[in-house]
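Student: Return atomic coordinates for the entry below.
(one chain, ligands or ions: 1)
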Amino acid sequence: MPIDAAKALAAGPRTGEISWTPKDVLLYHLGIGAGLPATDPDELRYVLESRLHVLPSFATVAGSGAPGVISGLSMPGVDVDLARVLHGGQALTVHRPLPTTGEATATSRVVAVYDKVKAAVLVLRTEVFDADGPLWTNDAQIFLRGEGGFGGDRGPSARTEPPAGPPDRTVERAVREDQALLYRLSGDWNPLHADPEFARVAGFERPILHGLCTYGMTLKAVVDTLLDGEVTRVREYRTRFAGVVYPGGTLRVRMWRTSGTEVRVAVSAADRDDAPVLADTVVAHT
Ligand SMILES: CCCCCCC[C@@H](O)CC(=O)SCCNC(=O)CCNC(=O)[C@H](O)C(C)(C)COP(=O)(O)OP(=O)(O)OC[C@H]1O[C@@H](n2cnc3c(N)ncnc32)[C@H](O)[C@@H]1OP(=O)(O)O
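Tutor: Now for the predicted structure:
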């Protein structure tokens, strides 16, 4: 059986050491489209090592290859075809600002398996600590097409509409044609994002963008637009991947300030009739 929920949930945590350097942070920032225009002082904080600030969504790729990245998909009770895997959602809690250089311990385990009948949804939690204590917690929701129907708990429904009324701010961000090719160098080498033949087998007309690339692009847009570019103000950031993004397209990012410490966000593909891309998206901040 491809998904054995009981076995996946009973499996002990996987632990590994991770580390990163400013070069990894710079590469990640470039992969989510930072650095344009190259002379903009606000952009230099993302792409120049002497001024480097770490966008918290870097936590989703830090120490690639360790538990929690693609290797997180090979675990007890989970034996799935990569072509059926889509990233369903992501929730990040930042316990402390991310340093530009780090050595930490990452522990991952499956905390939930939901049966959506036509799919299974796996929630993989990764907790990261360094010598000074907790750094961040990441929950990845992995949508496994065709793997449901095992009689499990259906779990929560993902149907939240964006807040009523016009957004406080709307910005657009171009997705470069080579965005996925650059982004994948931060650690997610899934061929779905680079190999046209693999993408076709997976049911797409061409390679799609990594969900976590859209996730990072969106957080950067929010931080730059509403948080004065101060990356350390982000406390939590969660989203659901509601539709695919193709390289070469344009993200339309709508933002609602719902309180002094919360921004709700909806992202659509401006080049594809405003099709929803990110839903149920919240940035909690100081
Ligand atoms: C450790 C990290 C590992 C990371 C692994 C990932 C590796 C990466 O390289 C892979 C990627 O980046 S893939 C790219 C990013 N993801 C996407 O583009 C997916 C976009 N979303 C979709 O296509 C559809 O929403 C789709 C297909 C997701 C769902 O659409 P439908 O099939 O039409 O589903 P629908 O009928 O609307 O709903 C069925 C039930 O599922 C729940 N649901 C819907 N979307 C969900 C989502 N995104 N996440 C979780 N649950 C979701 C619905 O609530 C519904 O359940 P219920 O009936 O109980 O309410």
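Student: can we go C-alpha only for contacts and neighbour counts from here?
Tutor: Noted.
Student: what about stretch 176-194, how long is it end to end?
Tutor: The stretch stretch 176-194 measures 13 Å between its terminal residues, going by C-alpha to C-alpha, to the nearest Å.
Student: Show residues contacting it.
Tutor: Among residues not part of stretch 176-194, those counted as contacts by C-alpha atoms under 8 Å, 6 or more residues apart in numbering are 24, 27-28, 30-33, 61, 64-65, 69-70, 83, 198-199, 202, 207-210, 213, 247-249.
Student: give me every residue that touches residue 201.
Tutor: Under the criterion of C-alpha under 8 Å, 6+ apart, the neighbours of residue 201 are residue 83.
Student: and it, backbone torsions?
Tutor: The phi/psi pair for residue 201 (degrees, to the nearest 10) reads phi -60, psi -30.
Student: Same question for the one 10 residues further on.
Tutor: Per-residue torsions, residue 211: phi -60, psi -40 (degrees, to the nearest 10).
Student: where exactly do the strands run in the stretch 101-250 of the chain?
Tutor: For the stretch 101-250 of the chain, the strands defined by DSSP state E, counting those that start in this stretch occupy 102-115, 119-130, 133-145, 169-174, 234-241, 250-259.
Student: Mind putting these into JSON lines with mean neighbour count?
Tutor: Rendered in JSON lines, the data for the strands of the stretch 101-250 of the chain read as follows (neighbours: other C-alpha atoms under 10 Å):
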{"stretch": "strand 102-115", "mean neighbour count": "21"}
{"stretch": "strand 119-130", "mean neighbour count": "22"}
{"stretch": "strand 133-145", "mean neighbour count": "21"}
{"stretch": "strand 169-174", "mean neighbour count": "16"}
{"stretch": "strand 234-241", "mean neighbour count": "23"}
{"stretch": "strand 250-259", "mean neighbour count": "20"}
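Student: looking at those, which is closest to residue 266?
Tutor: Closest approach to residue 266 among these is made by strand 250-259 (5.2 Å; C-alpha to C-alpha).
Student: how far does stretch 111-129 sit from the chain's center?
Tutor: Between the centre of stretch 111-129 and the centre of its chain there are 14 Å (C-alpha atoms, centre = their mean, to the nearest Å).
Student: Give me the residues contacting it.
Tutor: Under the contact criterion C-alpha under 8 Å, 6+ apart, stretch 111-129 has outside partners 5, 9, 67-68, 72, 88, 104-110, 134-155.
Student: returning to that earlier point: with respect to residue 45, which of the strands of the stretch 101-250 of the chain lies nearest?
Tutor: Residue 45 lies closest to strand 234-241 among those, at 16.1 Å (C-alpha to C-alpha).
Student: What pairs with the closest one, parallel or antiparallel?
Tutor: Strands adjacent to strand 234-241 in the sheet, as given by DSSP bridges, are strand 85-94 (antiparallel), strand 275-285 (antiparallel).
Student: How about that strand and the ligand, touching?
Tutor: Yes. Judged by C-alpha under 6 Å from any ligand atom, strand 234-241 and the ligand are in contact via 240-241.
Student: for stretch 30-49, same thing?
Tutor: No. Among the residues of stretch 30-49, none lie within reach of the ligand under C-alpha under 6 Å from any ligand atom; the closest is 13.3 Å away.
Student: Give me the buried stretch members for that stretch, please.
Tutor: Of the residues in stretch 30-49, those scored as buried under the neighbour-count criterion (16 or more other C-alpha atoms under 10 Å) are 30-35, 42-48.
Student: One more: stretch 199-215?
Tutor: With burial defined by 16+ other C-alpha under 10 Å, the residues of stretch 199-215 counted as buried are 199, 202, 206-215.
Student: what does stretch 257-277 give?
Tutor: Of all the residues in stretch 257-277, those buried under the rule 16+ other C-alpha under 10 Å are 257, 262-270, 275-277.
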